[in-house]
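Colleague: Show me the folded form of this:
(2 chains)
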Amino acid sequence: MNLLKTKALLHNTITKEYRNKALLFLLIFSLGVITLANALVNFISETFLVNNPQAAILGDKSFFVMFMVITFLTTLISVILGTSCIKSDFESSSIGQILAFPIQRVEYLGARIIGAWITSIMFFIISIGYTAFLFSLSTKASFISGPVILAILTASANLLTTITIAAILSLYLPKLFAFIFTFAIRILIGSSNAYFAKDSFSEIFQDMSVLKFFGAMIHFFFPRMQPMEVFTKELLEGKSVGLDNIALFGQYFVTYIILFSLLSLFFSRKEI
Amino acid sequence: MNIIEANGITKKYGRHMALDDVSLTIEKGSVFALLGPNGAGKTTFVKSLLGLVRLNKGELSLNGTSVTEATSREGVGYLPEKFSFYPYYTVYGCVAFFGKMNGISGADLHEKVEEALAKTGVLELKDKKINAISKGQLQRTGIATLLVGDSELLILDEPFSGLDPLGIKELKDLIQSLAKEENKTIFINSHILSEMEKMCKTMAILNKGKIVVKGEIQSLLKGVSLEDYFYKLIKGDA
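Modeller: Model (predicted):
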(Lines give C-alpha, C1' and ligand atoms only; values in the text may rest on other atoms or scores of the structure.)
Protein backbone atom coordinates (compact mmCIF):
# COMPACT_ATOMS: atom_id res chain seq x y z
CA MET A 1 0.00 0.00 0.00
CA ASN A 2 1.35 3.42 -1.01
CA LEU A 3 0.50 5.93 1.72
CA LEU A 4 0.84 8.97 -0.54
CA LYS A 5 -1.70 7.58 -3.01
CA THR A 6 -4.08 6.51 -0.25
CA LYS A 7 -3.80 9.96 1.36
CA ALA A 8 -4.50 11.66 -1.98
CA LEU A 9 -7.55 9.47 -2.52
CA LEU A 10 -8.75 10.04 1.06
CA HIS A 11 -8.40 13.80 0.62
CA ASN A 12 -10.24 13.54 -2.71
CA THR A 13 -13.11 11.68 -0.96
CA ILE A 14 -13.46 14.29 1.79
CA THR A 15 -13.26 17.13 -0.78
CA LYS A 16 -15.99 15.38 -2.77
CA GLU A 17 -18.26 14.55 0.17
CA TYR A 18 -18.26 17.81 2.11
CA ARG A 19 -19.84 19.44 -0.93
CA ASN A 20 -22.75 17.03 -0.72
CA LYS A 21 -25.88 19.24 -0.73
CA ALA A 22 -27.81 16.88 1.57
CA LEU A 23 -24.97 17.06 4.09
CA LEU A 24 -24.95 20.87 4.01
CA PHE A 25 -28.74 20.97 4.39
CA LEU A 26 -28.69 18.56 7.34
CA LEU A 27 -25.84 20.47 8.99
CA ILE A 28 -27.81 23.73 8.79
CA PHE A 29 -30.95 21.90 9.95
CA SER A 30 -29.06 20.29 12.82
CA LEU A 31 -27.52 23.60 13.98
CA GLY A 32 -30.99 25.20 13.74
CA VAL A 33 -32.57 22.46 15.90
CA ILE A 34 -29.75 22.76 18.46
CA THR A 35 -30.16 26.55 18.62
CA LEU A 36 -33.94 26.21 19.13
CA ALA A 37 -33.46 23.52 21.79
CA ASN A 38 -30.97 25.75 23.56
CA ALA A 39 -33.38 28.69 23.43
CA LEU A 40 -35.99 26.49 25.10
CA VAL A 41 -33.55 25.30 27.80
CA ASN A 42 -32.44 28.89 28.32
CA PHE A 43 -36.05 30.07 28.69
CA ILE A 44 -36.92 27.34 31.22
CA SER A 45 -33.79 27.83 33.31
CA GLU A 46 -34.10 31.64 33.36
CA THR A 47 -37.86 31.66 34.01
CA PHE A 48 -38.44 28.74 36.34
CA LEU A 49 -35.05 27.60 37.65
CA VAL A 50 -33.19 30.76 38.66
CA ASN A 51 -30.52 29.88 41.27
CA ASN A 52 -31.92 26.34 41.31
CA PRO A 53 -29.57 23.32 41.08
CA GLN A 54 -32.24 21.68 38.90
CA ALA A 55 -30.90 23.86 36.04
CA ALA A 56 -27.81 21.62 35.73
CA ILE A 57 -30.01 18.47 35.72
CA LEU A 58 -32.17 20.03 32.99
CA GLY A 59 -28.98 20.75 31.05
CA ASP A 60 -27.77 17.13 31.41
CA LYS A 61 -31.13 15.67 30.34
CA SER A 62 -31.40 18.06 27.38
CA PHE A 63 -27.84 17.29 26.30
CA PHE A 64 -28.62 13.56 26.40
CA VAL A 65 -31.72 14.08 24.23
CA MET A 66 -29.81 16.29 21.81
CA PHE A 67 -26.99 13.73 21.60
CA MET A 68 -29.55 11.13 20.50
CA VAL A 69 -31.14 13.52 17.97
CA ILE A 70 -27.70 14.36 16.53
CA THR A 71 -26.82 10.64 16.42
CA PHE A 72 -29.94 10.05 14.33
CA LEU A 73 -29.16 12.96 11.98
CA THR A 74 -25.56 11.74 11.61
CA THR A 75 -26.89 8.27 10.80
CA LEU A 76 -28.91 9.88 8.00
CA ILE A 77 -25.73 11.59 6.80
CA SER A 78 -23.76 8.35 6.92
CA VAL A 79 -26.41 6.57 4.80
CA ILE A 80 -26.31 9.41 2.25
CA LEU A 81 -22.49 9.40 2.15
CA GLY A 82 -22.35 5.61 2.04
CA THR A 83 -24.69 5.40 -0.92
CA SER A 84 -22.81 8.12 -2.82
CA CYS A 85 -19.13 7.61 -1.97
CA ILE A 86 -18.64 4.90 -4.64
CA LYS A 87 -21.81 5.34 -6.69
CA SER A 88 -20.94 8.95 -7.60
CA ASP A 89 -17.68 7.77 -9.21
CA PHE A 90 -19.73 5.47 -11.47
CA GLU A 91 -22.20 8.27 -12.23
CA SER A 92 -19.46 10.75 -13.15
CA SER A 93 -17.56 8.08 -15.16
CA SER A 94 -14.42 8.85 -13.16
CA ILE A 95 -14.26 5.32 -11.75
CA GLY A 96 -12.32 4.04 -14.80
CA GLN A 97 -9.77 6.84 -14.50
CA ILE A 98 -9.25 6.22 -10.78
CA LEU A 99 -8.95 2.45 -11.06
CA ALA A 100 -6.51 2.91 -13.95
CA PHE A 101 -3.99 4.13 -11.35
CA PRO A 102 -1.66 1.48 -9.99
CA ILE A 103 -3.77 0.95 -6.86
CA GLN A 104 -5.57 -2.11 -5.54
CA ARG A 105 -9.36 -1.93 -5.58
CA VAL A 106 -9.34 -2.51 -1.82
CA GLU A 107 -7.21 0.64 -1.35
CA TYR A 108 -9.75 2.62 -3.37
CA LEU A 109 -12.60 1.21 -1.25
CA GLY A 110 -10.76 1.87 2.00
CA ALA A 111 -10.10 5.49 1.05
CA ARG A 112 -13.70 6.08 -0.03
CA ILE A 113 -15.24 4.44 3.07
CA ILE A 114 -12.84 6.07 5.56
CA GLY A 115 -13.24 9.44 3.80
CA ALA A 116 -17.04 9.22 4.09
CA TRP A 117 -16.65 8.14 7.73
CA ILE A 118 -14.36 11.07 8.58
CA THR A 119 -16.86 13.46 6.94
CA SER A 120 -19.76 12.08 9.01
CA ILE A 121 -17.65 12.20 12.21
CA MET A 122 -16.84 15.85 11.45
CA PHE A 123 -20.59 16.53 11.17
CA PHE A 124 -21.11 14.70 14.47
CA ILE A 125 -18.35 16.57 16.31
CA ILE A 126 -19.44 19.98 15.00
CA SER A 127 -23.04 19.34 16.08
CA ILE A 128 -22.12 17.93 19.51
CA GLY A 129 -19.53 20.66 20.08
CA TYR A 130 -22.06 23.36 19.19
CA THR A 131 -24.67 21.80 21.52
CA ALA A 132 -22.18 21.53 24.40
CA PHE A 133 -21.08 25.14 23.89
CA LEU A 134 -24.63 26.59 23.82
CA PHE A 135 -25.93 24.43 26.66
CA SER A 136 -22.97 25.28 28.87
CA LEU A 137 -23.73 28.98 28.36
CA SER A 138 -27.39 28.43 29.32
CA THR A 139 -26.89 26.15 32.32
CA LYS A 140 -23.35 27.07 33.46
CA ALA A 141 -22.51 23.36 33.39
CA SER A 142 -19.76 21.57 31.46
CA PHE A 143 -20.77 18.87 28.98
CA ILE A 144 -17.51 17.72 27.48
CA SER A 145 -16.12 14.87 29.55
CA GLY A 146 -14.30 11.56 29.06
CA PRO A 147 -17.52 9.50 28.79
CA VAL A 148 -18.97 11.94 26.21
CA ILE A 149 -15.84 11.64 24.06
CA LEU A 150 -15.99 7.85 24.43
CA ALA A 151 -19.71 7.97 23.52
CA ILE A 152 -18.82 9.88 20.32
CA LEU A 153 -16.32 7.15 19.46
CA THR A 154 -18.73 4.26 20.08
CA ALA A 155 -21.53 6.01 18.17
CA SER A 156 -19.02 6.54 15.33
CA ALA A 157 -18.47 2.77 15.07
CA ASN A 158 -22.12 2.39 14.04
CA LEU A 159 -21.65 5.15 11.46
CA LEU A 160 -18.81 3.19 9.85
CA THR A 161 -20.95 0.05 9.69
CA THR A 162 -23.85 2.03 8.21
CA ILE A 163 -21.62 3.59 5.53
CA THR A 164 -20.25 0.17 4.57
CA ILE A 165 -23.72 -1.43 4.31
CA ALA A 166 -24.93 1.52 2.20
CA ALA A 167 -21.85 1.26 -0.05
CA ILE A 168 -22.48 -2.48 -0.65
CA LEU A 169 -26.11 -1.84 -1.57
CA SER A 170 -25.19 1.11 -3.82
CA LEU A 171 -23.15 -1.25 -6.01
CA TYR A 172 -26.35 -2.95 -7.13
CA LEU A 173 -29.23 -0.55 -6.40
CA PRO A 174 -30.17 3.00 -7.36
CA LYS A 175 -29.32 5.52 -4.62
CA LEU A 176 -32.87 5.87 -3.30
CA PHE A 177 -33.35 2.11 -2.94
CA ALA A 178 -29.90 1.72 -1.39
CA PHE A 179 -30.87 4.46 1.11
CA ILE A 180 -34.16 2.74 2.03
CA PHE A 181 -32.66 -0.77 2.23
CA THR A 182 -29.77 0.44 4.41
CA PHE A 183 -32.31 1.64 6.96
CA ALA A 184 -34.23 -1.63 6.61
CA ILE A 185 -31.04 -3.61 7.29
CA ARG A 186 -30.19 -1.39 10.27
CA ILE A 187 -33.66 -2.07 11.72
CA LEU A 188 -33.23 -5.80 11.06
CA ILE A 189 -29.84 -5.85 12.82
CA GLY A 190 -31.18 -3.79 15.72
CA SER A 191 -34.26 -6.04 16.12
CA SER A 192 -32.17 -9.24 16.03
CA ASN A 193 -29.73 -7.80 18.57
CA ALA A 194 -32.57 -6.73 20.88
CA TYR A 195 -34.32 -10.12 20.53
CA PHE A 196 -31.23 -12.13 21.46
CA ALA A 197 -29.77 -9.58 23.88
CA LYS A 198 -30.63 -11.48 27.07
CA ASP A 199 -30.25 -15.03 25.71
CA SER A 200 -27.20 -17.12 26.43
CA PHE A 201 -25.47 -18.89 23.50
CA SER A 202 -27.34 -22.17 24.17
CA GLU A 203 -30.71 -20.44 24.62
CA ILE A 204 -30.43 -18.83 21.18
CA PHE A 205 -30.48 -22.27 19.53
CA GLN A 206 -33.48 -23.60 21.48
CA ASP A 207 -36.85 -23.88 19.67
CA MET A 208 -35.21 -22.94 16.39
CA SER A 209 -37.45 -21.75 13.53
CA VAL A 210 -36.46 -20.41 10.10
CA LEU A 211 -37.10 -16.84 11.20
CA LYS A 212 -35.18 -17.32 14.45
CA PHE A 213 -32.28 -18.92 12.57
CA PHE A 214 -32.21 -15.96 10.16
CA GLY A 215 -32.25 -13.53 13.08
CA ALA A 216 -29.48 -15.47 14.86
CA MET A 217 -27.30 -15.34 11.73
CA ILE A 218 -27.72 -11.57 11.60
CA HIS A 219 -26.98 -11.36 15.33
CA PHE A 220 -23.77 -13.37 14.99
CA PHE A 221 -22.41 -12.26 11.61
CA PHE A 222 -23.18 -8.53 11.54
CA PRO A 223 -21.71 -5.87 13.84
CA ARG A 224 -23.99 -5.56 16.88
CA MET A 225 -25.27 -2.06 16.36
CA GLN A 226 -28.01 -2.05 18.97
CA PRO A 227 -25.77 -3.09 21.93
CA MET A 228 -23.32 -0.42 20.75
CA GLU A 229 -26.15 2.14 20.93
CA VAL A 230 -27.05 0.93 24.43
CA PHE A 231 -23.39 1.19 25.43
CA THR A 232 -23.28 4.78 24.12
CA LYS A 233 -26.41 5.69 26.11
CA GLU A 234 -24.97 4.13 29.27
CA LEU A 235 -21.82 6.19 28.87
CA LEU A 236 -23.85 9.37 28.55
CA GLU A 237 -25.98 8.45 31.57
CA GLY A 238 -22.80 8.03 33.58
CA LYS A 239 -23.34 4.31 34.24
CA SER A 240 -20.30 2.17 35.02
CA VAL A 241 -18.96 0.22 32.07
CA GLY A 242 -18.39 -3.50 32.62
CA LEU A 243 -15.68 -5.78 31.27
CA ASP A 244 -18.30 -7.77 29.31
CA ASN A 245 -18.18 -4.97 26.75
CA ILE A 246 -14.78 -6.21 25.59
CA ALA A 247 -16.62 -9.16 24.00
CA LEU A 248 -18.96 -6.69 22.27
CA PHE A 249 -16.02 -4.74 20.84
CA GLY A 250 -14.31 -7.96 19.76
CA GLN A 251 -17.42 -9.25 17.98
CA TYR A 252 -17.98 -5.82 16.45
CA PHE A 253 -14.42 -5.58 15.11
CA VAL A 254 -14.36 -9.10 13.63
CA THR A 255 -17.79 -8.81 11.99
CA TYR A 256 -16.93 -5.38 10.60
CA ILE A 257 -13.86 -6.88 8.95
CA ILE A 258 -16.14 -9.57 7.44
CA LEU A 259 -18.54 -6.85 6.21
CA PHE A 260 -15.73 -4.85 4.60
CA SER A 261 -14.34 -8.05 3.05
CA LEU A 262 -17.77 -8.66 1.54
CA LEU A 263 -17.76 -5.16 0.04
CA SER A 264 -14.28 -5.80 -1.30
CA LEU A 265 -15.33 -9.15 -2.79
CA PHE A 266 -18.42 -7.70 -4.49
CA PHE A 267 -16.45 -4.74 -5.81
CA SER A 268 -13.63 -6.94 -7.15
CA ARG A 269 -16.24 -8.78 -9.24
CA LYS A 270 -17.69 -5.55 -10.56
CA GLU A 271 -16.77 -4.74 -14.16
CA ILE A 272 -16.31 -1.10 -15.04
CA MET B 1 10.84 -5.31 -26.27
CA ASN B 2 7.06 -5.60 -26.02
CA ILE B 3 5.16 -3.32 -23.67
CA ILE B 4 1.77 -4.93 -24.35
CA GLU B 5 1.30 -8.65 -24.89
CA ALA B 6 -2.10 -10.24 -25.44
CA ASN B 7 -2.23 -13.96 -25.89
CA GLY B 8 -5.54 -15.51 -26.96
CA ILE B 9 -7.70 -13.22 -24.83
CA THR B 10 -11.44 -13.75 -24.83
CA LYS B 11 -14.13 -11.65 -23.20
CA LYS B 12 -17.83 -12.45 -23.27
CA TYR B 13 -20.73 -10.30 -22.09
CA GLY B 14 -23.49 -12.86 -21.74
CA ARG B 15 -23.70 -14.44 -25.19
CA HIS B 16 -21.97 -11.54 -26.90
CA MET B 17 -18.32 -12.21 -27.69
CA ALA B 18 -16.62 -8.82 -27.23
CA LEU B 19 -13.08 -10.19 -27.73
CA ASP B 20 -12.53 -13.51 -29.44
CA ASP B 21 -9.10 -15.10 -29.09
CA VAL B 22 -7.21 -11.85 -29.58
CA SER B 23 -3.42 -12.02 -29.74
CA LEU B 24 -1.40 -8.85 -30.12
CA THR B 25 1.99 -7.45 -29.22
CA ILE B 26 3.00 -3.80 -29.13
CA GLU B 27 6.62 -2.71 -29.01
CA LYS B 28 8.01 -0.09 -26.64
CA GLY B 29 8.30 3.33 -28.24
CA SER B 30 5.78 2.67 -31.02
CA VAL B 31 2.67 4.64 -31.92
CA PHE B 32 -0.05 2.06 -32.33
CA ALA B 33 -3.63 2.42 -33.59
CA LEU B 34 -6.41 0.04 -32.68
CA LEU B 35 -9.13 0.50 -35.29
CA GLY B 36 -12.52 -1.00 -35.87
CA PRO B 37 -16.18 -0.18 -36.38
CA ASN B 38 -18.53 0.48 -33.48
CA GLY B 39 -19.00 -2.58 -31.28
CA ALA B 40 -15.82 -4.23 -32.60
CA GLY B 41 -14.39 -4.64 -29.09
CA LYS B 42 -11.88 -1.75 -29.02
CA THR B 43 -13.10 -0.28 -25.73
CA THR B 44 -13.27 -3.74 -24.17
CA PHE B 45 -9.63 -4.26 -25.16
CA VAL B 46 -8.67 -0.94 -23.53
CA LYS B 47 -10.63 -1.83 -20.38
CA SER B 48 -8.91 -5.22 -20.31
CA LEU B 49 -5.52 -3.49 -20.46
CA LEU B 50 -6.45 -1.43 -17.41
CA GLY B 51 -7.79 -4.40 -15.46
CA LEU B 52 -11.31 -2.94 -15.45
CA VAL B 53 -12.92 -6.11 -16.83
CA ARG B 54 -12.18 -9.75 -16.12
CA LEU B 55 -11.14 -11.86 -19.08
CA ASN B 56 -12.74 -15.24 -19.69
CA LYS B 57 -9.64 -16.70 -21.30
CA GLY B 58 -6.09 -15.82 -22.30
CA GLU B 59 -3.25 -13.78 -20.89
CA LEU B 60 -2.73 -10.07 -21.07
CA SER B 61 0.30 -8.26 -19.69
CA LEU B 62 1.73 -4.76 -19.49
CA ASN B 63 5.51 -4.55 -19.20
CA GLY B 64 5.59 -8.28 -18.50
CA THR B 65 3.17 -8.09 -15.55
CA SER B 66 -0.30 -9.56 -15.75
CA VAL B 67 -3.02 -6.89 -15.92
CA THR B 68 -4.69 -8.55 -12.92
CA GLU B 69 -1.87 -7.03 -10.81
CA ALA B 70 -2.20 -3.34 -9.88
CA THR B 71 1.56 -2.92 -10.40
CA SER B 72 1.11 -3.58 -14.13
CA ARG B 73 -0.32 -0.05 -14.35
CA GLU B 74 2.85 1.59 -13.00
CA GLY B 75 4.00 4.00 -15.71
CA VAL B 76 0.70 3.75 -17.61
CA GLY B 77 -1.43 6.80 -18.34
CA TYR B 78 -5.02 6.49 -19.51
CA LEU B 79 -7.10 9.15 -21.24
CA PRO B 80 -10.74 8.08 -21.57
CA GLU B 81 -12.94 9.08 -24.49
CA LYS B 82 -14.59 11.80 -22.44
CA PHE B 83 -12.04 13.01 -19.96
CA SER B 84 -13.89 14.37 -16.97
CA PHE B 85 -13.03 15.13 -13.40
CA TYR B 86 -14.80 16.50 -10.36
CA PRO B 87 -16.01 19.97 -11.44
CA TYR B 88 -14.84 21.75 -8.27
CA TYR B 89 -11.18 20.96 -9.05
CA THR B 90 -9.07 23.58 -10.81
CA VAL B 91 -6.97 22.54 -13.81
CA TYR B 92 -3.89 22.68 -11.55
CA GLY B 93 -5.62 20.71 -8.75
CA CYS B 94 -6.74 18.03 -11.18
CA VAL B 95 -3.26 17.52 -12.65
CA ALA B 96 -1.74 17.64 -9.14
CA PHE B 97 -4.14 14.89 -8.01
CA PHE B 98 -2.95 12.67 -10.86
CA GLY B 99 0.63 13.49 -9.88
CA LYS B 100 0.01 12.44 -6.29
CA MET B 101 -1.66 9.25 -7.48
CA ASN B 102 1.55 8.54 -9.36
CA GLY B 103 3.57 8.91 -6.16
CA ILE B 104 4.88 12.48 -6.66
CA SER B 105 4.84 14.96 -3.77
CA GLY B 106 6.24 18.24 -2.45
CA ALA B 107 8.20 20.67 -4.60
CA ASP B 108 8.71 17.99 -7.21
CA LEU B 109 4.95 17.79 -7.67
CA HIS B 110 4.57 21.54 -8.23
CA GLU B 111 7.43 21.53 -10.75
CA LYS B 112 6.03 18.54 -12.67
CA VAL B 113 2.48 19.93 -12.73
CA GLU B 114 3.66 23.27 -14.12
CA GLU B 115 5.81 21.45 -16.68
CA ALA B 116 2.94 19.23 -17.82
CA LEU B 117 0.57 22.19 -18.06
CA ALA B 118 3.13 24.17 -20.06
CA LYS B 119 3.77 21.27 -22.45
CA THR B 120 0.06 20.88 -23.16
CA GLY B 121 -0.51 24.62 -23.49
CA VAL B 122 -2.95 25.01 -20.59
CA LEU B 123 -0.66 26.69 -18.05
CA GLU B 124 -2.57 29.98 -18.29
CA LEU B 125 -5.76 28.09 -17.38
CA LYS B 126 -4.34 26.52 -14.23
CA ASP B 127 -6.60 28.43 -11.82
CA LYS B 128 -9.76 27.81 -13.83
CA LYS B 129 -12.28 25.23 -12.70
CA ILE B 130 -12.48 22.05 -14.79
CA ASN B 131 -16.09 22.77 -15.77
CA ALA B 132 -15.19 26.26 -17.01
CA ILE B 133 -12.86 25.23 -19.85
CA SER B 134 -13.60 24.13 -23.43
CA LYS B 135 -13.69 20.53 -24.66
CA GLY B 136 -10.32 20.93 -26.41
CA GLN B 137 -8.75 22.47 -23.31
CA LEU B 138 -10.20 19.63 -21.23
CA GLN B 139 -8.57 17.04 -23.52
CA ARG B 140 -5.27 18.92 -23.20
CA THR B 141 -5.68 18.88 -19.43
CA GLY B 142 -6.31 15.15 -19.76
CA ILE B 143 -3.01 14.76 -21.62
CA ALA B 144 -1.31 16.85 -18.89
CA THR B 145 -2.57 14.34 -16.29
CA LEU B 146 -0.72 11.63 -18.24
CA LEU B 147 2.49 13.66 -18.50
CA VAL B 148 2.69 14.62 -14.84
CA GLY B 149 3.23 11.00 -13.88
CA ASP B 150 5.86 10.64 -16.59
CA SER B 151 3.94 7.66 -17.97
CA GLU B 152 5.86 5.46 -20.34
CA LEU B 153 2.74 4.10 -22.04
CA LEU B 154 -0.14 6.39 -22.94
CA ILE B 155 -3.49 4.74 -23.65
CA LEU B 156 -5.76 7.15 -25.48
CA ASP B 157 -9.35 6.08 -26.00
CA GLU B 158 -10.94 8.09 -28.85
CA PRO B 159 -8.86 11.18 -27.99
CA PHE B 160 -10.28 13.25 -30.87
CA SER B 161 -13.91 12.54 -30.08
CA GLY B 162 -15.98 15.73 -29.97
CA LEU B 163 -13.08 18.04 -30.90
CA ASP B 164 -13.32 20.64 -33.66
CA PRO B 165 -10.74 20.55 -36.53
CA LEU B 166 -8.51 23.04 -34.72
CA GLY B 167 -8.64 20.95 -31.53
CA ILE B 168 -7.86 17.78 -33.52
CA LYS B 169 -4.84 19.41 -35.16
CA GLU B 170 -3.48 20.72 -31.83
CA LEU B 171 -3.96 17.41 -30.07
CA LYS B 172 -2.45 15.46 -32.97
CA ASP B 173 0.66 17.69 -32.92
CA LEU B 174 0.94 17.24 -29.18
CA ILE B 175 0.70 13.44 -29.40
CA GLN B 176 3.25 13.36 -32.23
CA SER B 177 5.70 15.48 -30.25
CA LEU B 178 5.32 13.19 -27.25
CA ALA B 179 6.11 10.19 -29.41
CA LYS B 180 9.09 11.78 -31.16
CA GLU B 181 10.67 13.89 -28.44
CA GLU B 182 9.90 11.82 -25.35
CA ASN B 183 9.84 8.37 -26.92
CA LYS B 184 6.52 7.48 -25.29
CA THR B 185 4.65 4.38 -26.36
CA ILE B 186 1.25 5.55 -27.54
CA PHE B 187 -1.76 3.29 -27.92
CA ILE B 188 -4.65 5.02 -29.68
CA ASN B 189 -8.12 3.70 -30.08
CA SER B 190 -9.82 5.88 -32.68
CA HIS B 191 -12.37 6.21 -35.44
CA ILE B 192 -10.60 9.07 -37.24
CA LEU B 193 -8.74 7.03 -39.83
CA SER B 194 -7.13 9.89 -41.76
CA GLU B 195 -5.35 11.08 -38.61
CA MET B 196 -4.33 7.57 -37.61
CA GLU B 197 -2.71 7.00 -40.99
CA LYS B 198 -0.50 10.04 -40.47
CA MET B 199 0.28 9.51 -36.81
CA CYS B 200 0.74 5.79 -36.29
CA LYS B 201 3.36 3.32 -37.49
CA THR B 202 1.56 0.11 -36.61
CA MET B 203 -2.09 -0.85 -36.30
CA ALA B 204 -4.56 -3.63 -35.76
CA ILE B 205 -8.12 -3.75 -37.02
CA LEU B 206 -10.71 -5.39 -34.83
CA ASN B 207 -14.04 -6.56 -36.18
CA LYS B 208 -16.65 -8.52 -34.23
CA GLY B 209 -14.13 -9.13 -31.48
CA LYS B 210 -11.46 -10.60 -33.77
CA ILE B 211 -8.25 -9.14 -35.08
CA VAL B 212 -8.66 -9.13 -38.86
CA VAL B 213 -5.36 -7.51 -39.70
CA LYS B 214 -2.29 -6.25 -37.87
CA GLY B 215 1.11 -4.89 -38.86
CA GLU B 216 2.91 -1.81 -40.13
CA ILE B 217 0.46 0.64 -41.66
CA GLN B 218 2.41 1.61 -44.78
CA SER B 219 3.27 -1.99 -45.73
CA LEU B 220 -0.38 -3.00 -45.31
CA LEU B 221 -1.86 -0.12 -47.27
CA LYS B 222 0.36 -0.43 -50.36
CA GLY B 223 -0.61 2.98 -51.68
CA VAL B 224 -4.33 2.97 -50.91
CA SER B 225 -5.73 5.24 -48.24
CA LEU B 226 -6.48 3.82 -44.80
CA GLU B 227 -10.14 4.76 -45.25
CA ASP B 228 -10.45 2.72 -48.44
CA TYR B 229 -8.47 -0.17 -46.98
CA PHE B 230 -10.59 -0.17 -43.83
CA TYR B 231 -13.87 0.05 -45.77
CA LYS B 232 -12.99 -2.87 -48.07
CA LEU B 233 -11.75 -4.99 -45.20
CA ILE B 234 -14.79 -4.47 -42.97
CA LYS B 235 -17.31 -4.78 -45.83
CA GLY B 236 -15.54 -7.92 -47.04
CA ASP B 237 -15.67 -9.35 -43.54
CA ALA B 238 -19.38 -8.55 -43.12
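
Colleague: average pLDDT across stretch A:239-257?
Modeller: Averaging pLDDT along stretch A:239-257 gives 85.

Colleague: just stretch A:22-39 next, same as before
Modeller: What stretch A:22-39 shows for mean pLDDT is 90.

Colleague: Just the pLDDT at residue 63, thanks.
Modeller: Chain wasn't specified; assuming chain A. Predicted confidence (pLDDT) for residue A:63: 86.

Colleague: try chain B instead
Modeller: As predicted, residue B:63 sits at a pLDDT of 90.

Colleague: Over to the one 3 residues further on?
Modeller: If you check residue B:66, the pLDDT there is 95.

Colleague: what do you get for residue B:177?
Modeller: You'll see residue B:177 listed with a pLDDT of 86.

Colleague: what separates it from chain A, distance-wise?
Modeller: Relative to chain A, residue B:177 is positioned 23 Å away (Cβ to the nearest Cβ, to the nearest Å). Where C-beta positions appear, they are placed from N, C-alpha and C, glycine not excepted.

Colleague: Which helix or strand contains the residue lying closest to residue A:224 once chain neighbours are set aside?
Modeller: Excluding its sequence neighbours, the residue lying closest to residue A:224 (Cβ to Cβ, 6 or more residues apart in numbering or on different chains) is residue A:193, at 5.1 Å. In the assignment (DSSP states H and E), residue A:193 maps to helix A:175-196.

Colleague: Which residues does that helix contact?
Modeller: Contact with helix A:175-196 is made by A:75, A:79-80, A:82-84, A:87, A:162, A:165-166, A:169-170, A:173, A:204, A:215-216, A:218-219, A:222-227, A:229, as judged by Cβ atoms under 8 Å, 6 or more residues apart in numbering or on different chains.

Colleague: which other residues reach the helix or strand that it is followed by?
Modeller: The C-terminal neighbour of helix A:175-196 among helices and strands, as given by DSSP H and E, is helix A:201-204. By Cβ under 8 Å, 6+ apart, the list of residues contacting helix A:201-204 from outside reads A:196, A:216, A:219.

Colleague: which one of these has the most neighbours?
Modeller: Neighbour counts for the contacts of helix A:201-204 (other Cβ atoms under 10 Å in any protein chain shown) peak at residue A:219, which has 24 neighbours.

Colleague: which residues does that residue contact?
Modeller: Residue A:219 touches A:192-193, A:195-196, A:204, counting by Cβ under 8 Å, 6+ apart.

Colleague: Return the member of those nearest to chain B.
Modeller: residue A:192 (35.1 Å; Cβ to the nearest Cβ).

Colleague: Over to residue B:205. Which of the three states is it?
Modeller: The local conformation at residue B:205, judged by DSSP: H, G, I helix; E, B strand; the rest coil, is strand.

Colleague: can I assume residue B:154 is in contact with residue B:142?
Modeller: No. Using Cβ atoms under 8 Å as the test, residue B:154 is too far from residue B:142 to be in contact (10.4 Å).

Colleague: what is in contact with these two at once?
Modeller: residue B:79.

Colleague: which of the two has more neighbours?
Modeller: residue B:142 (26 against 23).

Colleague: which residues of chain B fall in strands?
Modeller: B:2-13, B:16-27, B:31-35, B:57-62, B:65-66, B:76-79, B:153-157, B:185-189, B:202-207, B:210-216 (DSSP state E).

Colleague: Can you flag which of the contacts of helix A:175-196 belong to helices?
Modeller: Among the contacts of helix A:175-196, DSSP state H puts A:75, A:79-80, A:82-84, A:87, A:162, A:165-166, A:169-170, A:204, A:215-216, A:218-219, A:225-227, A:229 in helices.

Colleague: Worst mean pLDDT across the helices and strands of chain A, which element?
Modeller: Between all helices and strands in chain A, the lowest mean by mean pLDDT, DSSP states H and E belongs to helix A:201-204, at a mean of 76.

Colleague: State the distance from the spatially most central residue of chain A to chain B.
Modeller: Residue closest to the average C-alpha location in chain A (Cα atoms, centre = their mean): residue A:159, at 1.7 Å. Per Cβ to the nearest Cβ, residue A:159 is found 24 Å from chain B.

Colleague: correct me, but that residue touches residue A:78?
Modeller: Yes. Between residue A:159 and residue A:78 there is a contact under Cβ under 8 Å: 4.3 Å.

Colleague: Show me whatever sits in contact with both of these two.
Modeller: A:117, A:120.

Colleague: Flag the shaky bits of chain B, pLDDT-wise.
Modeller: Scanning chain B with the threshold set as pLDDT under 70 gives B:237-238.

Colleague: Who are the packing partners of the helix ranked longest in it?
Modeller: Counting by DSSP H, the longest helix found in chain B is helix B:165-182. With contacts defined as 3 or more Cβ pairs under 8 Å, 6 or more residues apart in numbering or on different chains; DSSP states H and E, the packing partners of helix B:165-182 are helix B:135-148, strand B:153-157, strand B:185-189, helix B:193-199.

Colleague: Distance from it to the middle of the chain?
Modeller: Taking Cα atoms, centre = their mean, to the nearest Å, one finds helix B:165-182 lying 13 Å from the centre of the chain it belongs to.
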